[in-house]
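Novice: coords below, sequence missing:
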């Protein structure tokens, strides 16, 4: 399979320390942001042999990884295979369970986790729930052996992962995605990150590099292995072909509940990967409008759109030729020409990153009118930002 062309991309890399996290403290990792340019490459830190995990898309256009569960090193025992949606800010792992009636309509009966055929599943006698946007899931937790499917087809196991086995779901799963893996750490010992550090006590850091490609959603199969690669996760070692030039550092913060409330961060949007946004600028034709922010921006490719406070969304489209606002129950949305003369610049720690016009519309771009990816929150009092896949496809 050929490597996607990321020649115009930015790269964001997370370096995570292995020290325990108090529940209310800031995350102990930083993001590194750099641009592709003719400058000389600079090596990033390396922490052992690297893993390359391909990403695909589910029927809703979300990025998914192939995950195997159960019966690690149990000769002749069945290993269950799934596709899990990737979330940077959620701290939990979840899978559709056999006792979840709603899950059957969402993913089909053949894509449900069955604990009765696993010899490595351990009940934890606890119940968890998770809300991401309008999607909800609830279920009992287990400890289970899980594995990423690498690009070479081999499995990389991380045993004793806490997994929520869904017994209730409200639009949480979809064709091509029967689970979720979160890269957040606010759940402490239940998180993927802390599981990896427990399994590998000698590791001092964990590098996570993400690169996303804009490819169509997969609609033909719940098994993504036959689909077109939509990106990659690099663990422990980055792929230096994906970046050039100097790397810029920007502190990733985890707001306390008080800070999140003050920033107007919606409680149904996990915020483990958040950055302080200096400013944003809309370039609409020859008109440039800058807004100084200082607010909290959630970076979350689970969602396709970019969310701004309502009045700032109005400002964004003010000078965009042909933009028309529509009021919906999910907040103000705009239609605009499918090939608009507009781009978005966002600035973190003094460094500017540009989201090109092709990432700022969705729909059939061969038509005249499309839907704008930049939207306002449904709550006029929300003052934070959410940078979804439209942004993540140009940064990582």
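Specialist: Ah, there it is. Quantities reported herein were computed from a predicted structural model and do not represent experimental measurements.
Novice: now the helices for the stretch 201-350 of the chain?
Specialist: For the stretch 201-350 of the chain, helices defined by DSSP state H, counting those that start in this stretch occupy the ranges 257-262, 310-317.
Novice: Just give me the neighbour total for residue 352.
Specialist: 13 (other Cβ atoms under 10 Å). C-beta coordinates here come from the backbone N, C-alpha and C atoms, glycine included.
Novice: Go through the helices of the stretch 201-350 of the chain and find the least confident stretch.
Specialist: The minimum mean pLDDT among the helices of the stretch 201-350 of the chain belongs to helix 257-262 (a mean of 62).
Novice: Against residue 144, how distant is residue 123?
Specialist: Counting by Cβ to Cβ, to the nearest Å, the gap from residue 123 to residue 144 is 10 Å.
Novice: same question but for residue 165, I mixed them up
Specialist: From residue 165 across to residue 144, the span is 9 Å (Cβ to Cβ).
Novice: how close does the residue nearest to residue 348 when sequence neighbours are not counted get to residue 277?
Specialist: With sequence-adjacent residues excluded and distances taken as Cβ to Cβ, 6 or more residues apart in numbering, residue 348 is closest to residue 250, at 4.5 Å. Residue 250 sits 10 Å away from residue 277, going by Cβ to Cβ.
Novice: how near is the residue nearest to residue 348 to residue 355?
Specialist: 16 Å.
Novice: And for residue 164?
Specialist: Applying Cβ to Cβ to residue 164 and residue 355 gives a distance of 33 Å.
Novice: just residue 192 next, same as before
Specialist: 28 Å.
Novice: More neighbours: residue 250 and residue 355, which one.
Specialist: residue 355 (24 against 18).
Novice: What values do phi and psi take at residue 83?
Specialist: Here is the backbone geometry of residue 83 (degrees, to the nearest 10): phi -120, psi 130.
Novice: 46 is where my numbering starts, stick with that
Specialist: With the count now opening at 46, the last piece we talked about shows up as residue 128.
Novice: Pull the number of nearby residues for it.
Specialist: Residue 128, neighbours per other Cβ under 10 Å, totals 30.
Novice: from what I can see it touches residue 219, true?
Specialist: No - taking contacts as Cβ atoms under 8 Å, residue 128 lies outside contact range of residue 219: 9.8 Å.
Novice: Name the residues contacting each of those two.
Specialist: residue 103 (Cβ atoms under 8 Å, 6 or more residues apart in numbering).
Novice: Can you list the low-confidence ranges for the stretch 46-195 of the chain?
Specialist: 46-93 (pLDDT under 70).
Novice: if we go to 80?
Specialist: 46-94 (pLDDT under 80).
Novice: burial count for residue 174?
Specialist: 13.
Novice: Could you list everything it pairs with in the sheet?
Specialist: residue 183 (DSSP bridges).
Novice: quick one: it and residue 146, what's the gap?
Specialist: For residue 174, the distance to residue 146 equals 17 Å [Cβ to Cβ].
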